[in-house]
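Visitor: Need a 3D model of the sequence below.
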Amino acid sequence: MSSILVRIKRLFEVNIVPHATPAGQSAPLDIGKELEQFMAENRPYLLNRYTIYQLSEDSGIDVSELGNYIYAQKKCSFGDFINRYRIQKCLELIKRIPPGKVSMSDLSIICGFPDEHTFSLSFKKVTGSTVSDYLHKLHLFGRP
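Guide: So this is what the prediction gives:
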């Protein structure tokens with residue numbers, strides 16, 4: 001991996017600290033607030049193949065409650081929920097790196113996607129634009 005990719009990856013290092021609910025206490029009533037805080041602080045979406053079971057264990061939120069919240073409140077599947085976070089992180093990264101310094105394949109890996117194809121599909125689903133069209137509009141990566 002080139003030195004710029006190593007530096008970019010360091011910007012997004014993931015250190016997940018499991019949330020512990022003290023014994024005898026129930027999980028917080030406001031799952032949404034707890035989940036958003038956990039996602040912001042720990043960025044588990046940057047881990048490739050992160051599952052709802054891992055999120056449940058790491059956050060201390062019951063897997064059933066977590067799944068129900070994502071489906072009912074966020075109106076999406078767990079995969080789409082995680083991918084929205086990944087794409088938002090990708091958009092931040094695209095704006096911060098010099099044009100032409102990172103490939104789409106590298107971006108997909110840095111942002112937690114298993115491959116460039118999944119990244120491209122998710123990007124279009126979240127932004128409504130292909131990666132190349134989005135970059136073209138931003139005049140990035142050497143595009144006029």
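Visitor: So which residues of the protein form strands?
Guide: With DSSP state E, there are no strands along the chain.
Visitor: By residue count, which helix of it is the longest?
Guide: Secondary structure of the chain per DSSP state H: the longest helix is helix 78-96.
Visitor: Against which helices or strands is that helix packed?
Guide: Under the contact criterion of 3 or more Cβ pairs under 8 Å, 6 or more residues apart in numbering; DSSP states H and E, helix 78-96 touches helix 3-11, helix 63-73, helix 104-110, helix 116-127, helix 131-138. (Glycine included, C-beta is placed from N, CA and C.)
Visitor: okay, those helices, which one's buried deepest?
Guide: The highest average neighbour count among the helices and strands packed on helix 78-96, using mean count of other Cβ atoms under 10 Å, belongs to helix 104-110 at a mean of 19.
Visitor: Quick one: list the elements packing against that helix.
Guide: So helix 104-110, by 3+ Cβ pairs under 8 Å, 6+ apart, packs with helix 3-11, helix 78-96, helix 116-127.
Visitor: Below-threshold pLDDT in the chain: ranges please.
Guide: 1-29, 139-144 (pLDDT under 70).
Visitor: Spit out the contact partners of the residue nearest the centre of the chain.
Guide: Among the residues of the chain, residue 86 comes closest to the average C-alpha position under Cα atoms, centre = their mean, at 2.5 Å. Taking Cβ atoms under 8 Å, 6 or more residues apart in numbering, we find residue 86 in contact with 45, 46, 111, 112, 113, 119, 122.
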